[in-house]
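Undergrad: Coordinates only, no sequence provided:
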């Protein structure tokens, strides 16, 4: 039986309680990925299971969502079953040992993708960087890098070079990459 509009609104309200206006970058950034491991384990998602996903991981300042949408459209038109994850929300610490909004949706997306046995997962980073919770992915088939500009300067640095260095942290040691230029 389909969910009622009231059920849907109740679920949205519950998710929105996990979201805040704060950037949510804790003083100890490394803990963010440790938390992601913990939340994945709670959902019975091992790193080996996560490695089964064929991933297109996209970072940058402008055009990440559009790049993901174009990529998904191209892959679907070529017969691939895809999963598309994109969420620009920012976070802050939560007292109840629950994942915050973005990590929660990230774990949920991984769970749905694995259960659905998709061919390709197209995943947009949060703010990007080496401690972004989407960077829990160990295997990436293709990476996308959209144009870099000033964003999240409190977390990524005050120069374009620093922001680019942080955003590039998602792809350190990965072999493939694409650069998508917006017009």
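TA: Received, thanks. Because the structure is a prediction, the values reported are computed rather than measured. Numbers count the residues shown, from 1 in each chain.

Undergrad: ranges for the strands of the chain?
TA: Here the chain has its strands, by DSSP state E, at 55-59, 82-85, 120-124, 142-145, 178-179.

Undergrad: Residue 129 and residue 157 touch, don't they?
TA: No: taking contacts as Cβ atoms under 8 Å, residue 129 lies outside contact range of residue 157: 9.7 Å. C-beta here means a position set from N, CA and C on the backbone, and glycine is covered the same way.

Undergrad: overlap in contacts of those two?
TA: With contacts taken as Cβ atoms under 8 Å, 6 or more residues apart in numbering, the residues that reach both residue 129 and residue 157 are residue 166.

Undergrad: I'd like the strands of the chain written out as TSV, with mean neighbour count and mean pLDDT added.
TA: Below are these laid out as TSV (neighbours: other Cβ atoms under 10 Å; pLDDT from 0 to 100):
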stretch	mean neighbour count	mean pLDDT
strand 55-59	26	90
strand 82-85	21	90
strand 120-124	25	93
strand 142-145	21	84
strand 178-179	12	45
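
Undergrad: now these as CSV including distance to residue 136?
TA: Converted to CSV, the strands of the chain look like this (distance: least, Cβ to Cβ, whole Å):
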stretch, distance to residue 136
strand 55-59, 11
strand 82-85, 12
strand 120-124, 10
strand 142-145, 15
strand 178-179, 21
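
Undergrad: tell me the angle of the helix ranked longest in the chain relative to strand 55-59?
TA: Taking DSSP state H as the criterion, the chain has its longest helix at helix 101-116. Between helix 101-116 and strand 55-59, the angle comes out at 160 degrees (axes from the mean of the first three to the mean of the last three Cα atoms, to 10 degrees).
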